[in-house]
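Undergrad: Fold the following for me, if possible:
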Amino acid sequence: MSAPGLQAFHIGIVVRSVDATANLYGRILGIDKWRITEAQHKKSPWNDWMTDSRFKVAYGRAAYQTIELVEVLEGRQQYTRFLEEHGEGVQHIGFWCPDIQTAVSAAVAEGAEIVAASIDEQQNAVVQLKPGSSTSDIVGALDQGFAYLNLGMGSVQFEFLGPNSGRGGGGLREWLAERYKQDRSLAPVV
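TA: Next comes the predicted model:
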């Protein structure tokens, strides 16, 4: 069983400095504008290693691809672990998916395992998966939000971003659309 209806969204790159990397990538790839924002994640109640965290995210467009740069400013989460274990680099490839529960369940059926997760203040679920774990409680919470999938091959993960249905209005697509509506040519596909 595969995840139906996936659409390419972005390449997620963990960096030590969003500003320095955006400057360099901008010169090399011809990205003259980046959309930069800060975000926060609450500590996952089921993951003792993770903490509340704050990070900086930049989105730019080049060669028909959205590039996402992520810099952790405070705390520990999946990006922190990636930086510690691999250094700067591509941490994930992001895909929009119409049904996050089906997509994550399909990945788990193929061997993915949940290793980290959180639910933000807007009730968006954030889940990181790695081969082999039990998922029923977390998958059940994924009517919106996003999930990281580690397939056990190399360091690059897949990120599935779901629709904004269910509990409480606006989700990631609305969040992105609101922040980038002034210049749609630079916006990630929403």
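
Undergrad: can I assume residue 33 is in contact with residue 60?
TA: Yes. Contact criterion C-beta atoms under 8 Å: residue 33 and residue 60 qualify, at 7.1 Å. In short, each C-beta sits where N, CA and C put it, glycine included.

Undergrad: okay, the strand or helix carrying residue 58 in CSV with CA atoms only?
TA: Residue 58 belongs to strand 53-62 when elements are defined using DSSP states H and E. What follows is strand 53-62, C-alpha atoms only, in CSV (Å, rounded to 0.1, in the frame of the first residue of the first chain):
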residue,chain,number,x,y,z
SER,A,53,12.1,24.6,20.8
ARG,A,54,12.3,27.7,18.7
PHE,A,55,13.6,27.7,15.1
LYS,A,56,14.0,29.9,12.1
VAL,A,57,12.6,28.8,8.7
ALA,A,58,13.3,30.3,5.3
TYR,A,59,11.5,29.4,2.0
GLY,A,60,12.9,30.3,-1.4
ARG,A,61,12.1,29.2,-5.0
ALA,A,62,14.6,28.1,-7.6
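
Undergrad: Return the list of helices and strands in contact with the next helix or strand after it.
TA: Sequence-wise, the next helix or strand downstream of strand 53-62 (DSSP H and E) is strand 65-74. If you count contacts as 3 or more C-beta pairs under 8 Å, 6 or more residues apart in numbering; DSSP states H and E, strand 65-74 packs onto strand 7-14, helix 18-29, strand 53-62, helix 78-86, strand 89-96.

Undergrad: okay if I get the ones you listed as TSV plus mean pLDDT and distance to residue 41?
TA: Below are the helices and strands packed on strand 65-74 laid out as TSV (pLDDT from 0 to 100; distance: least, C-beta to C-beta, whole Å):
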stretch	mean pLDDT	distance to residue 41
strand 7-14	90	14
helix 18-29	96	16
strand 53-62	93	5
helix 78-86	91	9
strand 89-96	88	15
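
Undergrad: Make TSV out of the ones you listed and add mean neighbour count and distance to residue 71.
TA: Formatted as TSV, the helices and strands packed on strand 65-74 follow (neighbours: other C-beta atoms under 10 Å; distance: least, C-beta to C-beta, whole Å):
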stretch	mean neighbour count	distance to residue 71
strand 7-14	19	8
helix 18-29	15	4
strand 53-62	19	4
helix 78-86	18	8
strand 89-96	19	12
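
Undergrad: Nearest to residue 162 among these would be which one?
TA: The minimum distance between residue 162 and the helices and strands packed on strand 65-74 falls on strand 89-96, with 8.1 Å, by C-beta to C-beta.

Undergrad: Around residue 154, how many other residues sit close by?
TA: Residues lying near residue 154 (other C-beta atoms under 10 Å) number 9.

Undergrad: that older thread, of all the helices and strands packed on strand 65-74, which lies closest to residue 155?
TA: helix 78-86 (4.9 Å).
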